[in-house]
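Trainee: okay, sequence plus prediction incoming.
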2 protein chains.
Amino acid sequence: MIRQTSAGIYAWLPLGWRVLQKVAQIVREEQDRAGAQEMLMPTIQSADLWKQSGRYEAYGKEMLRITDRHDREMLYGPTNEEMITDIFKTFVKSYKDLPKNLYHIQWKFRDEIRPRFGLMRGREFLMKDNYSFDLDVEGAKLSYRRMFLAYLRTFARMGIKAIPMRADTGPIGGDLSHEFIILAETGESQVFCDRRWLELDVLAEAPAPDSDLKEFFDRYTSIYAATEEMHDAAKAPADLVTARGIEVGHIFYFGKKYSQPMEAIVAGPDGQPVTVEMGSYGIGVSRVVAAIIEASHDEQGIIWPEPVAPFKLAIVNLKVDDAECSRVCEDLYARLSGAKVEVLYDDRNERPGAKFADMDLIGVPWQLTVGPRGLKAGVVELKRRATGEKFELSVEDALARVMA
Amino acid sequence: MIRQTSAGIYAWLPLGWRVLQKVAQIVREEQDRAGAQEMLMPTIQSADLWKQSGRYEAYGKEMLRITDRHDREMLYGPTNEEMITDIFKTFVKSYKDLPKNLYHIQWKFRDEIRPRFGLMRGREFLMKDNYSFDLDVEGAKLSYRRMFLAYLRTFARMGIKAIPMRADTGPIGGDLSHEFIILAETGESQVFCDRRWLELDVLAEAPAPDSDLKEFFDRYTSIYAATEEMHDAAKAPADLVTARGIEVGHIFYFGKKYSQPMEAIVAGPDGQPVTVEMGSYGIGVSRVVAAIIEASHDEQGIIWPEPVAPFKLAIVNLKVDDAECSRVCEDLYARLSGAKVEVLYDDRNERPGAKFADMDLIGVPWQLTVGPRGLKAGVVELKRRATGEKFELSVEDALARVMA
């Protein structure tokens, strides 16, 4: 799926790349749905803007600093608050163009001293970050609620449960912030949440993104959930879940922290200058892939939720030198591909045991096994990776089942 | 569309980003069609592999060299021959897994001494590069022909004509190479080609990618086309076009140049070790966007070919405070969006002249203008950007026309 090419830096091989793309595409669709506009900022930034915001020194050694051939100070962006604020103020001059919310999905670099947990804390990582610009605090808080909803929807659509937890704002700054955390035994930190979180069906309950979202936000933030540093045993409910968690997203409202020093100012309705209110919102796209693996696997390998699986189905040909087996497999492959079902065909000349083990390891949600003995009895075997359930079905019934 | 954030480094604003994505998507579809598999390599590489191939010193100052916090030598990849060869040899051990063709679409960096021509010679640029691995020369040449065809199709689908010209292999090395060049007055170099190139309909003539492509390749390479350095007046046809050109793609067959020093060896059919035959193939995805603008514009602005236009159609509301105008525009917008037509709605409160000028500048292929006078007569105006043709049509006829 992936291969480390140097410390904390990974190449995504074709299977891993498919998962990464699916995760990114769900992120993209939910950003678009929430009214954010996609753009793309470069990976390499000039140090100048960071000096203006005061973060060039503050960021420390995690920032990968680069000197180009003309001895200019550059850096590999770990985040983009400065750059987006600069772009914004160049193009947006009037309150009429607000609210504005711009996002991009781009590689970032943080020179971690000791890259750990594989992809989880890689140095080069893919992140969706976006930035909202509003005329006033009320508008900025609505933008924040929109992203809160978009994030809940995003992770729910991936088939994983990410719980928003009130969080410290850290080096980004600001006074309102939530971390979105996936529960997994190998998680990096201790988290606490009301057991009700485990039952919530976000997609069924999510309101339309263009409503004011107040009731929704208040209800969801009233159900207890906290990271270790924010946890308050006195406020915790009786039915508390204590678990390990992995952070996959983080949203911030920070007001004028960047717009003030960088002078992101628009003309208000009365013609007077207004310094805009900002928020920023991040999803670790490559980190989500790692977090899903941590949260969803067994001893045999990965169990991909269907929306992010590299393929929906694998066809396992048990005897590639059997003409009838191969004919049936190729026919199935052609019909499924034609119906836009993403299918992997395992026609390697290997032992059945090795093939099954590989398919379990890869974690494709459905495995369709075709062998000579089954074919004589008119059946193929359909196996569901998540539960191990097996069904003996006719070819047509199996097709109907996976195309449903 | 884009904004320079530092010398030779650009941010893609929402309109420009849409074009970049469309170009990338066409590239992707044609790579998939030709049997290449997508993956993704990181931007930051360790210097070690480049020392092994001998290119670390050879590459000179164009390579952006970086030292991380542990004083390890890193670099921002300008290309990926070394990394892909290393990945290949880790995973592929047998002739049975050949041929293999892997591609990625990733940001590259070349620290040009004097970044010029805007995007055309940017320092950070998006490139599709792929790498073919074959057991023997005959297989490698077939891989080369497949990419030759894929490139012709790729550019033709974008609505532009890119002419393959026999080229020097330069620092990549090898003995067979073609540059794909778009003709444009502002092109960086002089090129020469048979006038027949201007009439060829590649998409109509392209054979299936799984045939041997010999006849096709021989026919297309027999029609004269040469860069200045390869031009031979004695061999040129009578009806020769002399023009300026912009390179947007480059394909190379270079045999064992990297596989030998890096020991990319598989077991052949007889069990004996075979050093694989390689080729590499690049398309400057961000450069294509710049080249299209150079090749397709007039004094009013850009004329996007429809397949890569940021939007297919712009609705221009001439009088936003007229209730009927706005109602018709919003209805049109909803119906077109519902039919998946990409539509931009200009409801700014600006003078009509300024709106028309902006739409011409942006270069959306179709402009649909809705004004109170026209509505009274039951018509809207549909304008084709490329030709300036204008049609007065009923709303329904206009819809039918642009949805066709």
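Mentor: Received it, and whenever you're ready, just let me know what you need. In this text, all values refer to a predicted model and were calculated from it rather than measured experimentally. Numbers count the residues shown, from 1 in each chain, chains lettered A, B, ... in the order given.
Trainee: following the biggest strand by length in chain A, which helix or strand comes up?
Mentor: Criterion DSSP state E: the longest strand present in chain A is strand A:240-255. The helix or strand immediately downstream of strand A:240-255 is strand A:265-267, counting by DSSP states H and E.
Trainee: contacts for that next one next, please.
Mentor: A:89, A:92-95, A:97-98, A:135, A:259, A:273-276 (Cβ atoms under 8 Å, 6 or more residues apart in numbering or on different chains). For every residue, glycine as well, the C-beta is placed using N, CA and C.
Trainee: so which of these is the most crowded?
Mentor: residue A:276 (27 neighbours; other Cβ atoms under 10 Å in any protein chain shown).
Trainee: just the contacts of strand A:265-267: which are in helices?
Mentor: Secondary structure from DSSP state H places residue A:89 of the contacts of strand A:265-267 in helices.
Trainee: any chance of the contacts of strand A:265-267 in a markdown table with pLDDT and distance to chain B as columns?
Mentor: Formatted as a markdown table, the contacts of strand A:265-267 follow (pLDDT from 0 to 100; distance: Cβ to the nearest Cβ, whole Å):
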| residue | pLDDT | distance to chain B |
| --- | --- | --- |
| A:89 | 94 | 12 |
| A:92 | 95 | 11 |
| A:93 | 94 | 13 |
| A:94 | 94 | 10 |
| A:95 | 95 | 13 |
| A:97 | 93 | 9 |
| A:98 | 96 | 14 |
| A:135 | 97 | 18 |
| A:259 | 94 | 18 |
| A:273 | 97 | 21 |
| A:274 | 98 | 19 |
| A:275 | 98 | 21 |
| A:276 | 98 | 18 |
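Trainee: where do the helices sit along chain A?
Mentor: Counting by DSSP H, the helices of chain A are A:14-33, A:47-53, A:55-58, A:81-91, A:137-157, A:202-205, A:214-222, A:285-295, A:323-338, A:352-362, A:372-376, A:395-403.
Trainee: okay, those, which one's buried deepest?
Mentor: Most buried of these, by mean neighbour count (mean count of other Cβ atoms under 10 Å in any protein chain shown): helix A:285-295, with a mean of 24.
Trainee: quick one: it to strand A:240-255, angle?
Mentor: 170 degrees (axes from the mean of the first three to the mean of the last three Cα atoms, to 10 degrees).
Trainee: so what's residue A:352 up against?
Mentor: Per Cβ under 8 Å, 6+ apart, neighbours of residue A:352: A:316, A:318, A:371.
Trainee: 6 Å instead?
Mentor: residue A:318 (Cβ atoms under 6 Å, 6 or more residues apart in numbering or on different chains).
Trainee: measure it to residue B:377 for me?
Mentor: Counting by Cβ to Cβ, to the nearest Å, the separation of residue A:352 from residue B:377 is 74 Å.
Trainee: for residue A:19, same thing?
Mentor: For residue A:19 relative to residue B:377 (Cβ to Cβ), the value is 56 Å.
Trainee: quick one: average confidence on the longest strand of chain A?
Mentor: Strand A:240-255 shows a mean pLDDT of 94.
Trainee: contacts for that strand, please.
Mentor: Contacts for strand A:240-255 (Cβ under 6 Å, 6+ apart): A:140, A:144, A:147, A:151, A:162, A:169, A:172-174, A:176-185, A:187, A:189, A:191-193, A:195, A:277, A:279-284, A:287-288, A:291.
Trainee: quick one: buried ones out of these?
Mentor: A:140, A:144, A:147, A:151, A:162, A:172, A:174, A:176-184, A:187, A:191-193, A:277, A:279-284, A:287-288, A:291 (16 or more other Cβ atoms under 10 Å in any protein chain shown).
Trainee: which ones are touching the spatially closest residue to residue A:393 that is not a sequence neighbour?
Mentor: Spatial nearest neighbour of residue A:393, excluding adjacent residues (Cβ to Cβ, 6 or more residues apart in numbering or on different chains): residue A:382 at 5.7 Å. By Cβ under 6 Å, 6+ apart, residue A:382 lies in contact with A:368, A:391, A:393, A:398.
Trainee: make TSV from those and add distance to residue B:204 and pLDDT to it.
Mentor: Output for the contacts of residue A:382, formatted as TSV (distance: Cβ to Cβ, whole Å; pLDDT from 0 to 100):
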residue	distance to residue B:204	pLDDT
A:368	39	97
A:391	47	96
A:393	44	96
A:398	40	95
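Trainee: what's the separation between the closest residue to residue A:86 other than its chain neighbours and residue A:39?
Mentor: In space, residue A:86 comes closest to residue A:49 once its chain neighbours are excluded; the distance is 5.7 Å by Cβ to Cβ, 6+ apart. Distance of residue A:49 to residue A:39, computed by Cβ to Cβ: 17 Å.
Trainee: please apply the same query to residue A:379.
Mentor: Counting by Cβ to Cβ - residue A:379 and residue A:39 are separated by 52 Å.
Trainee: residue A:268 too?
Mentor: 25 Å.
Trainee: more neighbours: which of those two?
Mentor: Shown here are residue A:268 and residue A:39; by other Cβ under 10 Å, residue A:39 has more neighbours (23 against 14).
Trainee: next, that one: phi, psi?
Mentor: Note on residue A:39: backbone dihedrals following degrees, to the nearest 10 are phi -150, psi -170.
Trainee: show me the contacts for it.
Mentor: Residues near residue A:39 by Cβ under 6 Å, 6+ apart: A:102, A:104, B:12, B:13, B:14, B:17.
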